[in-house]
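Colleague: Give me the fold of what follows.
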Amino acid sequence: MTEDIADWVGVSIGTVYNCHCCVMVAILHHHDDVIHFDLLDYNDQNERERAKDWVEEHTCLEWRGGFLSVGSTLFNLFQKPGWHGEGFYDRKSNYSLSAQVVIMPHNLHIIDYVIGVPGSVHDSNAFAKARIACHPQTFLGGNRWIWADSAYGARPWCVVPFKQLAAGGLTGHQKTFNYHLSKVCIHSEHCFGSLKGRFQSLHEL
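Modeller: The predicted structure is shown next:
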């Protein structure tokens, strides 16, 4: 791909590589200004309250403690990696990298993430590498939690949908619970949609 870009622009491969490094350094310079969350920070406290208000408005008062949502997507690779390539073969029959994001659903603000995990790794195992999974109280405090879809495991601080068992279907109350939970979790998909729309290269790395 680097050679194709060099041929298209009419520069050397080294120039393409140097430009890539300069762009990444410029982006990473702003990392901590954009992706952050501190329970003691005044601005983050206000944003947390806005997220809780949004959850209450779209669900109910009792759910406002869940002001974060986690979701995942796969970033396809244009070819099989040379090292341990089979480990990147995902459930959709592509070679890919898995990405996890923890967001505030009202504004899609990313506060934690995991990237670079092979696509074959299950979402719950990939999410275990996130800072919030290792130190949930640092992000959540008391009586607060995050929402997740059925790919994740239930935790005292992570609420997931009811799963249908082989012995029988879900009750009406369980279906209603899952429906309203999905209205919060879908915003993780919106976040990835915005990222892929803004950065077209994420459609295939």
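
Colleague: So residue 124 is in contact with residue 152, correct?
Modeller: Yes - taking Cβ atoms under 8 Å as the definition, residue 124 is a contact partner of residue 152 at 5.0 Å. C-beta: built from backbone N, CA, C; applies to glycine.

Colleague: all strands for the chain, in order.
Modeller: Here the chain has its strands, by DSSP state E, at 66-76, 96-104, 109-118, 145-147, 158-159.

Colleague: When residue 124 and residue 152 are compared, which one has more neighbours?
Modeller: Between residue 124 and residue 152, residue 152 has the larger neighbour count (other Cβ atoms under 10 Å), namely 25 against 17.

Colleague: Now mean pLDDT too, for the strands of the chain, in a markdown table please.
Modeller: Below are those laid out as a markdown table (pLDDT from 0 to 100):
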| stretch | mean pLDDT |
| --- | --- |
| strand 66-76 | 95 |
| strand 96-104 | 96 |
| strand 109-118 | 94 |
| strand 145-147 | 96 |
| strand 158-159 | 96 |
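
Colleague: Please tabulate these in TSV, including the columns mean neighbour count.
Modeller: Formatted as TSV, these follow (neighbours: other Cβ atoms under 10 Å):
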stretch	mean neighbour count
strand 66-76	23
strand 96-104	23
strand 109-118	18
strand 145-147	24
strand 158-159	20
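
Colleague: Ok, which of those comes nearest residue 198?
Modeller: Nearest of the strands of the chain to residue 198, taken as Cβ to Cβ: strand 109-118 at 12.7 Å.

Colleague: ok, the closest one: who's next to it in the sheet?
Modeller: Sheet pairing of strand 109-118 (DSSP bridges) gives strand 96-104 (antiparallel).
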